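Participant: What shape does this take:
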Amino acid sequence: MGVVHRIGTERQAPVLKEAIEKFLAGVPNPNTARSYATVLRALAERFGAYTGSGPGCR
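Facilitator: As a prediction, the model looks like this:
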């Protein structure tokens, strides 16, 4: 028979703000980056800088 291992319940949520900054740094067109930034920063404001926190999250 196999061995059962308990999986830890705590895990690190990715930092949304850092992911947005890194993504935007890779967008070569400044106008496109500005458009993406508007939407992505609104997303971060709505859900918080960290995924898993903020209004609308459990």
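Participant: The longest helix anywhere in the chain - contacts with which helices or strands?
Facilitator: Determined from DSSP state H, the single longest helix within the chain is helix 30-47. Counting by 3 or more C-beta pairs under 8 Å, 6 or more residues apart in numbering; DSSP states H and E, the packing neighbours recorded for helix 30-47 are helix 16-25. No exception for glycine: its C-beta is placed from N, CA and C like everyone else's.
Participant: tell me which strands and helices the helix it packs on is in contact with?
Facilitator: By contact count (3+ C-beta pairs under 8 Å, 6+ apart), the secondary structure elements abutting helix 16-25 are helix 30-47.
Participant: For the spatially most central residue of the chain, give me the pLDDT.
Facilitator: Within the chain, one residue has its C-alpha closest to the average C-alpha position: by C-alpha atoms, centre = their mean, that is residue 16, at 2.6 Å. pLDDT, residue 16: 82.
Participant: Likewise for residue 6?
Facilitator: 80.
Participant: where in this protein is pLDDT low?
Facilitator: Along the chain, the model assigns pLDDT under 70 to residues 9-14, 49-58.
Participant: again, only this time at 90
Facilitator: Within the chain, the stretches falling below the threshold (pLDDT under 90) are 1-2, 4-22, 41-58.
Participant: circling back to that earlier point, may I see the buried residues of the longest helix of the chain?
Facilitator: Along helix 30-47, these residues count as buried under the neighbour rule (16 or more other C-beta atoms under 10 Å): 33, 40, 44, 47.
Participant: Pull the distance from it to the chain's centre.
Facilitator: Averaged C-alpha coordinates place helix 30-47 at 12 Å from its chain's average position (C-alpha atoms, centre = their mean, to the nearest Å).
Participant: I figured the residue nearest to the centre of the chain hits residue 47, correct?
Facilitator: Yes. Using C-beta atoms under 8 Å, residue 16 is in contact with residue 47, at 6.9 Å.
Participant: what is in contact with these two at once?
Facilitator: Where contact means C-beta atoms under 8 Å, 6 or more residues apart in numbering, no residue is in contact with each of residue 16 and residue 47.
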